[in-house]
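[1] Test case, fold it:
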Amino acid sequence: METIYNPYIVSHKQRNIVLTCVIDYANPSKAVLYERNSPSGTVNTQNLTIPTVTNLHSGQYPCTATNIADRTRPYSPGHVTATKNSTLRLTLTINANPVPTIEWTSRADKDWNSCNFNTIVSNTTINGFINSSSILINNVNSSNFGDYVFTARNTAGVFFRRFVAMKEDIPNIHREPIYNPYIVYHKQRNIVLTCVIDNANPSKAVLYEWNSPSGTVNTQNLKLTIPTVTNLHSGQYSCTATNIADTSNKTTKQINVHYGPMISNISNQYDITEGNNLVVSPIVDANPASKLVWWTKQNDENFRYDGFVLRINNIDRKSSGNYSCYVMNTLAPFGMAEINRTTHQTFYINVVYYCIKTQDHYYLKQHDMSAEEESSDDTFLGQEPQMRFSQTCTNGHILLEEIPYKFSD
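    Residues are numbered from 1 along each chain as shown. A predicted model of the protein is given here:
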């Protein structure tokens, strides 16, 4: 390498320093690849120029030169995949001088612990500078999967390349948690569903598709998280996994959201006439269904009615007051203790009743007498029809009613 000084001492801000990698002998001498390493990185050039020197340019500057006699150019990737009953092709393009001897060896998956490789192809090229070598296997079966080693030898050296021919396996999956249905409860936090791959090749480059009541999600994440559960999360959840081989079977799970009772169909107040029958029938939404319903009355410890429907026959005025309906169910999420949830709703019963106070008023009114009567010694005192006044009290409101009534002798 020019210059020959070592170390090569330069000054800060010195301009246009050139380092040259000089070939003293090579055959061929033109098809050469240079690799220059420096504190600032690596470049592939024969000459390295530093326009303006700084302190950062201190360090090692090695150089290498490679000609075509000492290198090969692999064409294929480091590993290949194939599916049964399809084609497996392994191909490399080799540049070498002199012409190399090419050999393919293999070792099946079942012989993985063995160091024995079997020769597949061995040939020597006849003419030409560039030689292409490949393996083509049709109707691939299990015995064709394993290690393949390519070796090229000439007088300049040896090059080898290893391939791993892997079987492409369609993902086989299951869902976790394994419970089905998977019972959770309203407002439970951080529910995680996992699409577990039991077997797949490749197993890393996998795309998951999640279907749920809220829609479809395509992701590389094998987990689906529900931050906070609501009643809307009840339903079917399915997952598939896809790799380059194909898409897995669909695994499905039912999520069942348990929640406490919700009461409806109860009015805030019931007005009912004394002596009638009262029926209060609520509608209860709960999961699981409520099995315990009871009724209480405010300020009456002796009143308790068990049953889904409240019935009070021949109701009287003493039944007026505030009542409450209580409903309880039991949540049973998997992997957790049972949870009792109770809901109640309060309403008022107003019993309408009548209190009647009757006063009979009897009064006498003198009749006008005819001339004949006036001449009579008798006087006639007539009685007008009696009027009965009824005073009706409806829960403290007084109503007056005039009812004609004929007096009987």
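
[2] which ones are touching the most centrally placed residue in the chain?
    With distances taken as CA atoms, centre = their mean, Leu224 lies nearest the centre of the chain, 3.7 Å away. Going by CB atoms under 8 Å, 6 or more residues apart in numbering, Leu224 touches 192-195, 210, 212, 217, 237, 239. (Each C-beta comes from the backbone N, C-alpha and C, glycine too.)

[3] Let's see that with 10 Å instead.
    If you count contacts by CB atoms under 10 Å, 6 or more residues apart in numbering, Leu224 has them with 175, 191-195, 208, 210-212, 217, 237, 239.

[4] Export those residues to a markdown table and append columns for secondary structure.
    Output for the contacts of Leu224, formatted as a markdown table (DSSP: H, G, I helix; E, B strand; the rest coil):
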| residue | secondary structure |
| --- | --- |
| Arg175 | strand |
| Ile191 | strand |
| Val192 | strand |
| Leu193 | strand |
| Thr194 | strand |
| Cys195 | strand |
| Tyr208 | strand |
| Trp210 | strand |
| Asn211 | strand |
| Ser212 | strand |
| Val217 | strand |
| Tyr237 | strand |
| Cys239 | strand |
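
[5] Between the residues you listed, which sits nearest Gly157?
    Nearest to Gly157, judged by CB to CB, of those is Tyr208 at 47.1 Å.

[6] what sits opposite the closest one in the beta ladder?
    Thr219, Ala241 (DSSP bridges).

[7] number of nearby residues for it?
    Using other CB atoms under 10 Å, Tyr208 is surrounded by 21 other residues.

[8] Domain-wise, how is the chain divided?
    Per automatic domain parsing, the domain ranges recorded for the chain read 15-70, 79-167, 170-258, 265-352, 355-404.

[9] thinking Tyr182 is in contact with Gln236, fair?
    No. Using CB atoms under 10 Å as the test, Tyr182 is too far from Gln236 to be in contact (11.1 Å).

[10] anything in contact with each of these two?
    Counting by CB under 10 Å, 6+ apart, the residues touching both Tyr182 and Gln236 are 253-255.

[11] Kindly indicate the member of the residues you listed with the most neighbours.
    Top of these by neighbour count (other CB under 10 Å): Ile255, with 21 neighbours.

[12] What residues are bridge-paired with the residue nearest to Tyr182 when sequence neighbours are not counted?
    Computed as CB to CB, 6 or more residues apart in numbering, the closest residue to Tyr182 that is not its neighbour in sequence is Ile255, at 5.2 Å. For Ile255, the beta-bridge partners are Tyr182, Gly235 (DSSP bridges).

[13] part of a strand, is Leu56?
    No. Per three-state DSSP, Leu56 lies outside any strand segment and is helix.

[14] ok, now which ones touch it?
    39-40.

[15] One more: Thr155?
    69, 96-98, 100.

[16] hmm, back to that, Tyr182 and Gln236: who's more crowded?
    Of the pair Tyr182 and Gln236, Tyr182 is the one with more neighbours under other CB under 10 Å, namely 20 against 12.

[17] so how far is Ser40 from that one?
    58 Å (CB to CB, to the nearest Å).

[18] Where does the prediction get shaky in the stretch 51-200 of the chain?
    67-85, 93, 109-114, 121-134, 167 (pLDDT under 70).

[19] ranges for the strands of it?
    Per DSSP state E, counting those that start in this stretch, the stretch 51-200 of the chain carries strands over the ranges 63-67, 79-82, 88-95, 101-108, 118-124, 130-137, 146-154, 157-167, 169-176, 182-185, 189-201.

[20] Strand partners (parallel or antiparallel) of the last one?
    The strands that strand 189-201 pairs with in its sheet are strand 169-176 (antiparallel), strand 223-228 (antiparallel) (by DSSP bridges).

[21] For that strand, which residues meet the burial criterion?
    Residues of strand 189-201 classed as buried: 191, 193-197, 200-201 (neighbour count, 16 or more other CB atoms under 10 Å).

[22] Those into JSON lines, with extra columns for distance to Leu292?
    Shown next, in JSON lines, are the buried residues of strand 189-201 (distance: CB to CB, whole Å):
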{"residue": "Ile191", "distance to Leu292": "28"}
{"residue": "Leu193", "distance to Leu292": "33"}
{"residue": "Thr194", "distance to Leu292": "37"}
{"residue": "Cys195", "distance to Leu292": "39"}
{"residue": "Val196", "distance to Leu292": "40"}
{"residue": "Ile197", "distance to Leu292": "45"}
{"residue": "Ala200", "distance to Leu292": "50"}
{"residue": "Asn201", "distance to Leu292": "55"}
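
[23] Helices along this protein, start to end?
    371-374 (DSSP state H).

[24] returning to that earlier point: how about the domains of the chain in JSON lines, adding distance to Ile4?
    Below are these laid out as JSON lines (distance: least, CB to CB, whole Å):
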{"stretch": "domain 15-70", "distance to Ile4": "10"}
{"stretch": "domain 79-167", "distance to Ile4": "28"}
{"stretch": "domain 170-258", "distance to Ile4": "52"}
{"stretch": "domain 265-352", "distance to Ile4": "77"}
{"stretch": "domain 355-404", "distance to Ile4": "123"}
